[in-house]
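Asks: Quick one: sequence and predicted model below, then my questions.
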Amino acid sequence: VAILSCINIEDNNPYLYVLDEYISSMAPPETHARAILDMIDRNGLTPEACIWTGDGEHTSGRGKTGQRISNLILIRAFEKLLHYPSGRLPWRIKRAYKYKHSIYYGISQLAVIMSRRRFQIQPRCKTTIESIRNYIIKPTQSEKSRFRYGHAIDALRYNCVNIISNHHNRKIIPRKAQNV
């Protein structure tokens, strides 16, 4: 899941705009990279204007049968598509910072933004909308095996929490934010 968002935090009261989403399937990294670049372009942005946050290395699909994907594999796919030499992509994908209770903290940040009506999502973000409506913070063991709503919520958490936390900790005001 890749979510493109913009966060306005100039007044210390974040407003989160979810602009677009890319829901992946088992495909080569170049397919994912192309779809993400198309999403960014469709919204009138450039990859260089975005702040990128990604999950750590993981396996797509269920169990060990899926394809291994990581931020580095995705970076290499961007380099290949955009004809950059290895290591010369003009942006980086930062790994999402995960710490004890980060899920609860991230969900509470999203809940506060939504409860203050400082949240807007484009209707085309159907999977993210469905995930917000059906998310359970702590699914039972039997629900975990078929729980499909966590991926979009995780992407949304990584997307906004790192930006908001950096702003409050360092007083950085980013212009645009994006999560892959």
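Replies: Right, received. Where do you want to start?
Asks: Show me where this structure has its strands.
Replies: For the chain, the strands defined by DSSP state E occupy 2-8, 15-22, 52-54, 58-59, 68-69, 93-95, 119-121, 177-179.
Asks: any chance of these in a markdown table, plus mean pLDDT?
Replies: Listed next are the strands of the chain as a markdown table, based on pLDDT from 0 to 100:
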| stretch | mean pLDDT |
| --- | --- |
| strand 2-8 | 92 |
| strand 15-22 | 95 |
| strand 52-54 | 88 |
| strand 58-59 | 51 |
| strand 68-69 | 58 |
| strand 93-95 | 87 |
| strand 119-121 | 96 |
| strand 177-179 | 44 |
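Asks: winner for burial among those strands?
Replies: Among these, ranked by average contacts under mean count of other C-beta atoms under 10 Å, first place goes to strand 177-179 (a mean of 26). Every C-beta, even on glycine, is put in place using the N, C-alpha and C of the backbone.
Asks: Quick check: which of the strands of the chain is nearest to I164?
Replies: strand 2-8 (6.9 Å; C-beta to C-beta).
Asks: report the angle between the axes of the closest one and strand 15-22?
Replies: Relative orientation of strand 2-8 versus strand 15-22 (axes from the mean of the first three to the mean of the last three C-alpha atoms, to 10 degrees): 160 degrees.
Asks: which strands and helices sit next to the helix ranked longest in the chain?
Replies: Using DSSP state H to define each element, the chain has its longest helix at helix 150-170. Helix 150-170 is packed against strand 2-8, strand 15-22, strand 52-54, helix 102-115, helix 126-134, strand 177-179, with contacts defined by 3 or more C-beta pairs under 8 Å, 6 or more residues apart in numbering; DSSP states H and E.
Asks: any idea of the mean pLDDT for it?
Replies: Averaged across helix 150-170, the pLDDT comes to 76.
Asks: Kindly report the same for stretch 35-48.
Replies: When the per-residue pLDDT values of stretch 35-48 are averaged, the result is 96.
Asks: Can I get the strands of the chain in TSV including distance to N159?
Replies: Shown next, in TSV, are the strands of the chain (distance: least, C-beta to C-beta, whole Å):
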stretch	distance to N159
strand 2-8	5
strand 15-22	8
strand 52-54	6
strand 58-59	17
strand 68-69	18
strand 93-95	11
strand 119-121	12
strand 177-179	3
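Asks: Compare those strands and give me the one nearest F78.
Replies: Distances from F78 to each of the strands of the chain were compared using C-beta to C-beta; the minimum, 8.9 Å, belongs to strand 93-95.
Asks: ok, back up a step: same list, the helices and strands packed on helix 150-170, but as a markdown table with distance to F78 please.
Replies: Shown next, in a markdown table, are the helices and strands packed on helix 150-170 (distance: least, C-beta to C-beta, whole Å):
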| stretch | distance to F78 |
| --- | --- |
| strand 2-8 | 12 |
| strand 15-22 | 14 |
| strand 52-54 | 10 |
| helix 102-115 | 26 |
| helix 126-134 | 23 |
| strand 177-179 | 13 |
